[in-house]
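Asker: give me coordinates for this.
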Amino acid sequence: MMPGVRSASADGTRTGETGEQSFPGQTEATILGLPPIGPLLAVRKTTKKPGRKPEQKKKKKKPQKKPEPAAKARPKKVSRKRTPQPPALIKQRLGTCRLCNADITTTFVDLGMSPLRGTSLTRDDLASMERYYPLHALVCSNCYLVQLKDVLPPAEMLSEYAGLPAASPRRLQDHRRFSRTIVKRLNLGPDSLAIEIGGHGNFLPHIKELDVPVLSIDPHQRSAHQSIDSGIATRVETFTEKLARELAARGKLGDVIIGGDVIAQVPDLHDLVAGIARLLKPRGVAILEFPYAERLIVDTQFDAIHHDQLSYLSLSTLERLVGRHKLKITEAHELSHDGGSLRVLLSHSSSARPLNNSVARILGHERKSGIFDLKTYTSFSQRSQALKRKLLSFLISSRNSGQTICGCGTPSHANTLFHFCGIGPDFLDFLIDSDPNQHGRFTPGKRIPIMPPEALRATKPDFVLILPWHLQGELMKELHFIKEWGGKFIVSTPDFLVIDPTTLEA
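Answerer: Modelled structure (predicted):
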């Protein structure tokens with residue numbers, strides 16, 4: 001019953017109001033035959049005076065409380081389904097360095113906003129909105145680690161990777177050759193265990209061919225299921241120190257642990273390296289590959305910075321990181337992959353494995369190149385903007401004179417370049433890609449049409465912009481036929497060049 005609302009009783013009175021009450025003398029008053037007027041009053045016996053009626057002593061009535069007004073009925077709550085909120089676009093915004101935890105505020109380069117590079121668009125997608133994310137790289141003035149300011153949620157990161165193209169044939173050949181070399185050098189056999197973390201599955205198929213037990217730890221659904229289909233034992237999850245402890249407790253220690261690009265992609269560097277140290281056998285070897293910060297800086301590779309690559313390390317920075325987890329670098333090699341990568345071999349600090357002279361050589365080169373000078377990093381932004389202006393000036397001049405231009409390469413290689421420089425269909429008529437799954441689609445954000453390589457002969461453009469510039473030698477050989485109509489190549493990085501194919505060696 002709501003406050004202030006009174007209900008009727010069985011005899012007609014209402015609870016909460018004044019009803020029949022019992023008073024002292026009620027029995028006596030009834031005997032005297034006094035009528036029950038209102039509340040029965042106690043009667044005092046009095047001496048009758050002649051001519052006067054006996055007086056009744058009036059008892060002051062207790063003031064009756066006014067009934068409280070009935071409370072206003074509260075409106076019934078309408079049951080509403082909670083509208084699902086969109087996921088946070090940014091999981092973490094960096095305030096301190098991932099490696100040394102120092103405050104970090106110095107900009108390496110701010111490349112503006114762009115969508116994820118991993119997925120091209122269908123024609124139906126053109127009517128839909130795309131999400132854009134900041135691409136802002138900072139540098140730590142204490143340890144000189146280059147790192148992205150913003151970290152995307154894991155679901156967004158994994159969706160970006162899902163659309164990336166497979167490794168080039170040249171890189172696949174390198175993986176096969178190196179896998180056979182490492183099996184031989186480490187004397188791996190049926191009693192050994194090779195573990196690949198972070199996915200991609202680039203090495204394990206070749207190691208498995210040599211009858212070495214393998215285990216893949218891969219958070220990416222696509223590559224994980226490819227590994228499972230090929231008979232490789234696979235854990236579909238992210239590699240962490242917690243998982244390493246679990247595997248170590250079950251005796252699943254690695255004679256060799258391989259991580260291709262994984263150290264550049266994880267937000268928690270220390271958790272990754274601590275997991276490697278825990279899972280590695282005492283005489284085991286860990287192998288890491290990652291984009292090399294020194295080459296990125298020297299060649300002004302601003303277009304090699306992507307949302308899924310969170311850290312850009314030098315060998316000096318890596319040495320500081322792994323040293324905190326009692327690991328040492330025993331060997332290091334520069335690779336030409338993706339414009340410049342490092343392949344590094346690690347072992348426990350207590351291991352008897354000697355240090356190869358390649359480590360001292362690369363560390364010495366880094367010191368001479370200014371890797372410990374903050375100006376080396378802060379000047380990168382100015383050089384990137386200068387390259388941007390050069391490229392745009394040429395594109396604008398060519399288009400104004402009526403010349404036609406197309407691009408060559410997968411959309412993922414060009415995403416940062418297109419959005420930092422503002423290059424869209426007004427500059428490039430189309431993009432050619434050898435992947436048939438991309439034909440008839442459009443690049444993310446700028447929405448440039450993607451066509452098969454045959455479109456070159458059909459349209460005969462005046463210029464072809466080579467987007468994966470680190471493959472320019474291979475691509476210009478494949479497309480040398482553009483010289484038949486006087487076509488030329490454009491290379492934007494590391495130096496802006498216009499190349500006449502007639503000057504190239506056959």
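
Asker: against which helices or strands is the longest helix along the chain packed?
Answerer: Among the segments of the chain that qualify as a helix by DSSP state H, the longest is helix 380-400. Contact here means 3 or more C-beta pairs under 8 Å, 6 or more residues apart in numbering; DSSP states H and E; on that basis helix 380-400 packs against strand 106-114, strand 405-408, helix 411-421. From N, CA and C alone the C-beta is placed, and that goes for glycine too.

Asker: indicate which one of those is closest to Q382.
Answerer: Q382 sits nearest to strand 106-114 of all the helices and strands packed on helix 380-400, at 9.3 Å, using C-beta to C-beta.

Asker: who wins for proximity to F427 among the helices and strands packed on helix 380-400?
Answerer: Distance to F427, taken as C-beta to C-beta, is lowest for strand 405-408 among the helices and strands packed on helix 380-400, at 6.3 Å.

Asker: so how far is the longest helix of the chain from its chain's centroid?
Answerer: Centroid displacement of helix 380-400 relative to its chain, using C-alpha atoms, centre = their mean, to the nearest Å, is 30 Å.

Asker: state the mean pLDDT of it.
Answerer: What helix 380-400 shows for mean pLDDT is 96.

Asker: okay, the angle between that helix and helix 411-421?
Answerer: Interaxial angle, helix 380-400 versus helix 411-421 (axes from the mean of the first three to the mean of the last three C-alpha atoms, to 10 degrees): 90 degrees.

Asker: element containing Y312?
Answerer: Here Y312 is covered by strand 311-312, with elements defined by DSSP states H and E.

Asker: buried sites along the next helix or strand after that strand?
Answerer: Next helix or strand after strand 311-312 toward the C-terminus (DSSP H and E): helix 315-323. For helix 315-323, burial by neighbour count (16 or more other C-beta atoms under 10 Å) applies to L315, S316, T317, L318, E319, R320, L321, V322.

Asker: ok, the last one - contacts?
Answerer: Remark: with contacts taken as C-beta atoms under 8 Å, 6 or more residues apart in numbering, V322 is in contact with V273, K328, I329, L346.

Asker: 7 Å instead?
Answerer: Neighbouring residues of V322 by C-beta atoms under 7 Å, 6 or more residues apart in numbering: V273, I329, L346.

Asker: and the second one, what element?
Answerer: Put plainly, it is I329. Here I329, judged by DSSP H and E, is contained in strand 327-335.

Asker: what does the first one give?
Answerer: V273 is located in helix 269-279, with elements delineated by DSSP H and E.

Asker: which other helices and strands does that helix contact?
Answerer: Other helices and strands packing on helix 269-279, by 3 or more C-beta pairs under 7 Å, 6 or more residues apart in numbering; DSSP states H and E, are helix 241-249, strand 254-260, helix 262-265, helix 315-323.

Asker: show the average pLDDT along the third one.
Answerer: By that I understand helix 262-265. 94.

Asker: that older thread, who wins for neighbours among the contacts of V322?
Answerer: Highest neighbour count within the contacts of V322: L346, with 27 neighbours (other C-beta atoms under 10 Å).

Asker: do you know how far that one is from Y292?
Answerer: Going from L346 to Y292 by C-beta to C-beta, to the nearest Å gives 16 Å.

Asker: and what of V266?
Answerer: Taking C-beta to C-beta, one finds V266 at 17 Å from Y292.

Asker: settle it for me: which of those two has more neighbours?
Answerer: Remark: of V266 and Y292, Y292 carries more neighbours, 27 against 23, as counted by other C-beta under 10 Å.

Asker: tell me the contacts of that one?
Answerer: Per C-beta under 7 Å, 6+ apart, neighbours of Y292: E334, G340, S341, L342.

Asker: in strands, which of those residues fall?
Answerer: Among the contacts of Y292, the ones falling in strands (DSSP state E) are E334, S341, L342.

Asker: contact partners for the first one?
Answerer: Pointing back at E334 there. Residues in contact with E334 (C-beta under 7 Å, 6+ apart) are Y292, G340, L342.

Asker: just these now: which is nearest P449?
Answerer: G340 (30.9 Å).

Asker: touching, that closest one and R295? I think so.
Answerer: Yes: G340 lies in contact with R295 (C-beta atoms under 7 Å); the separation is 2.8 Å.
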